[in-house]
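Colleague: Sequence plus predicted model, see below.
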Amino acid sequence: RVLETSWVSFQKELGRAETLDAARDAHAVFLDATCRQCLVSPDPTWTLLKGQAKAALVAACDLASLGARADRLAYATSFENTPCASVPEHEAEEIAKRFRRARSYILRVV
């Protein structure tokens, strides 16, 4: 979809181009729009957005890792007469805070 919309616009502009410079300009606009929409643009906003998306994914992976660690501890202690392990609340809250901060930024931009 990203390419399709940009491609249609590019074709229209290319059809209107009367000089080689106008065709090059239309192509440059097409490439810029496509890169921006695919989050590979050097545009500072998209660079920040990409960083925040990565931060949200890292937080989600950290939380999953923390949960898996708690599961392993719970399994290891289930054979003993000790209470099962759980995710430390302060660690989970810190990760959740990082995720919410990144998510909030992404939603403001998008």
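Modeller: On my side now, so go ahead.
Colleague: switch to C-alpha atoms for all contacts and neighbour counts from now on
Modeller: Fine.
Colleague: now the helices: where do they sit in this protein?
Modeller: Listed in chain order, the helices of the chain (DSSP state H) span 2-16, 20-37, 44-77, 89-109.
Colleague: Show me how far the second one is from its chain's centre.
Modeller: Here helix 20-37 shows a centroid-to-chain-centroid distance of 25 Å under the convention Cα atoms, centre = their mean, to the nearest Å.
Colleague: Would you mind giving the helices of the chain as CSV with mean pLDDT added?
Modeller: Shown next, in CSV, are the helices of the chain (pLDDT from 0 to 100):
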stretch, mean pLDDT
helix 2-16, 84
helix 20-37, 85
helix 44-77, 82
helix 89-109, 88
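Colleague: Now render these as CSV, adding mean neighbour count.
Modeller: Listed next are the helices of the chain as CSV, based on neighbours: other Cα atoms under 10 Å:
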stretch, mean neighbour count
helix 2-16, 15
helix 20-37, 16
helix 44-77, 16
helix 89-109, 14
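Colleague: residues touching the closest residue to residue 27 other than its chain neighbours, list them.
Modeller: Nearest residue to residue 27, sequence neighbours excluded (Cα to Cα, 6 or more residues apart in numbering): residue 10, at 6.8 Å. If you count contacts by Cα atoms under 8 Å, 6 or more residues apart in numbering, residue 10 has them with 26, 27, 29, 30.
Colleague: Please apply the same query to residue 92.
Modeller: Listed by Cα under 8 Å, 6+ apart, the contact set of residue 92 reads 63, 66.
Colleague: I figured residue 62 hits residue 95, correct?
Modeller: Yes - contact status for residue 62 versus residue 95: in contact at 7.1 Å, counting by Cα atoms under 8 Å.
Colleague: Would you enumerate the residues in contact with the residue lying closest to residue 17 once chain neighbours are set aside?
Modeller: Closest residue to residue 17 apart from its sequence neighbours, by Cα to Cα, 6+ apart: residue 23 at 5.4 Å. Counting by Cα under 8 Å, 6+ apart, residue 23 touches 13, 14, 17.
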